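Peer 1: Need a 3D model of the sequence below.
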Amino acid sequence: MAFVAPTAEQLALYLDLPEINGDRADLLIAKAISLCETVVKPLPDGADAIVLSVAGRAYVNPQQVSYETIGPMSVQRPQGSGGLYLTKADKSALKSLAGRGGAFTVDPTPATADPSPTYPIDDDYGPPLEWEPGWGWV
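Peer 2: A predicted model of the protein is given here:
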């Protein structure tokens, strides 16, 4: 199944907002998709969660305000909690969804390799078959 871009209504539901500015939401979703495509192109199925996360961060805090006071109320947001950007976790999730970034092994053995020994087998190789008391195998 191919990636389907989220809608402004899905962004409103993700942010738990009763109303949303549709044009602004569509713009942020389009920009979030473009930003995600710098990591993985084409976007994999399931990348809509990352797109919504990126667009949601930018929608609720476009100016990257970290501390705000209005009258008796004040709010402090985590550093870097606004604007349009990808976190390290976002990039990792995109790569994981695309099937990249995992552990792998490389087998350098050619397909035509023969398991038999290539050296001459010496019958005299190894310990001799006579035991000499006090001296061991000689």
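
Peer 1: drop to CA atoms for contacts and neighbour counts, all remaining ones
Peer 2: Will do.

Peer 1: what sits up against stretch 32-40?
Peer 2: Surrounding stretch 32-40, the residues in contact under the criterion C-alpha atoms under 8 Å, 6 or more residues apart in numbering are 5, 43, 51-52, 54-55, 84-86, 91, 94-95, 98.

Peer 1: burial measure for L28, as a count.
Peer 2: Around L28 sit 24 other residues, with neighbours defined as other C-alpha atoms under 10 Å.

Peer 1: Nearest residue to it in space, please, no chain neighbours.
Peer 2: Leaving out its chain neighbours, the residue that sits closest to L28 by C-alpha to C-alpha, 6 or more residues apart in numbering is A55, at 5.3 Å.

Peer 1: Model confidence score at that neighbour, please.
Peer 2: Reported pLDDT at A55 in the predicted model: 90.

Peer 1: looking at it, it is touching D26, isn't it?
Peer 2: No. Shown here, A55 and D26 do not form a contact pair, counting by C-alpha atoms under 8 Å, at 9.2 Å.

Peer 1: From the contact counts, what lies against whichever strand or helix holds the residue nearest to L28?
Peer 2: Using DSSP states H and E, the secondary-structure element containing A55 is helix 48-60. Other helices and strands packing on helix 48-60, by 3 or more C-alpha pairs under 8 Å, 6 or more residues apart in numbering; DSSP states H and E, are helix 8-15, helix 22-36, helix 88-97.
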